[in-house]
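Visitor: Build me a model:
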Amino acid sequence: NNHYDTDGVLSVWACLEPEIALNHKDLIISAAEAGDFAEWTSDNGVKLNFALNSILSNVGGDDDKAYDRALKLIPKLAIDFEETGGANYKDLWMESFEALEQDWKDVVEKKEVEVSKASSDSIVILKENTGLCTLSPYALYRAMKEKNVWEGTTRILHVHELGTTTSSTPGAAGRTKKYYQYSYEKIGHGWVGKLVERHMVPNVNKECLVQELNEKRLQSSSSLDCWETGGPGDSMLAICATAPG
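Guide: This next block holds a predicted model:
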């Protein structure tokens, strides 16, 4: 592995200590899924991912030092997470995990987020009424699983409510209208080219899609901003988004 990350350091440790690693198989897989795909498959897996990320931060981002510390600490972390839920290493994960739990409570339980399937079974629509990108990818994964919309999903359409405008058009004066920003992306493992057990996420021609969306926008005289390739953060998962207003 040419860099430090959760799945990388756990893979190295599993190669060095295969018998011990097998005893913690479920925890290791869950942590790797959290680290690589931002999936919340277990609390302990997410916590271990946060703990390993903290190790890198604590050494100033030095990969070599992080590997050295992590490989020495992982056996103790694995046992502690299995036995106490990580109680003895809270300093490495608690702040990040508590923020994630608060995100889940504030955003999902207060119904400020809607998660539903589109007419295409492969697309999930995430509508947020609290501005841009408030829902963490971990909480989004958990929401999709709990709402039974995860299976078969390959892409996510984010719909962010930005605010309202008041019309001054004669006959419609005083009427308010909500306005949104949209972004379209692959699900968490969508950047991986070869998978053993998971469903593959097909590639999409971003330029052709953006051209088609903008043509439809013009044909419908929509007030929607132009679509562009990429998206918030322009990650490996981003496909396209409406231009910021």
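Visitor: what's next to the longest helix anywhere in the chain, contact-wise?
Guide: Ordering each helix of the chain by length in residues (DSSP state H) puts helix 63-84 first. Contact with helix 63-84 is made by 3-4, 9-10, 12-13, 16-17, 20, 23-24, 27-28, 44, 47-48, 51-52, 55-56, 58-59, 86-89, as judged by C-beta atoms under 8 Å, 6 or more residues apart in numbering. Where C-beta positions appear, they are placed from N, C-alpha and C, glycine not excepted.
Visitor: out of those residues, which are inside helices?
Guide: 9-10, 12-13, 16, 20, 23, 27-28, 44, 47-48, 51-52, 55-56, 58.
Visitor: Just the buried ones among those residues, please.
Guide: 9-10, 12-13, 27-28, 44, 47-48, 51-52, 55-56 (16 or more other C-beta atoms under 10 Å).
Visitor: Out of the residues you listed, flag the one nearest to Leu140.
Guide: Lys47 (18.3 Å; C-beta to C-beta).
Visitor: dump the residue contacts of the closest one.
Guide: Phe81, Gly85, Gly86, Trp93, Phe97 are the contacts of Lys47 under C-beta under 8 Å, 6+ apart.
Visitor: Report the contact partners of the second one.
Guide: Taking C-beta under 8 Å, 6+ apart, we find Gly85 in contact with Asp43, Asn44, Lys47.
Visitor: out of the contacts of Lys47, which is most surrounded?
Guide: The residue in the contacts of Lys47 with the most neighbours, by other C-beta atoms under 10 Å, is Phe81 (25 neighbours).
Visitor: how about the strands of this structure, start to end?
Guide: Using DSSP state E, the strands of the chain run over 113-117, 123-128, 155-166, 176-186, 227-229, 238-242.
Visitor: Same list (those) but as TSV, adding mean neighbour count, distance to Ala139 and mean pLDDT.
Guide: Shown next, in TSV, are the strands of the chain (neighbours: other C-beta atoms under 10 Å; distance: least, C-beta to C-beta, whole Å; pLDDT from 0 to 100):
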stretch	mean neighbour count	distance to Ala139	mean pLDDT
strand 113-117	17	8	88
strand 123-128	19	10	90
strand 155-166	16	13	81
strand 176-186	17	16	83
strand 227-229	18	26	91
strand 238-242	20	19	91
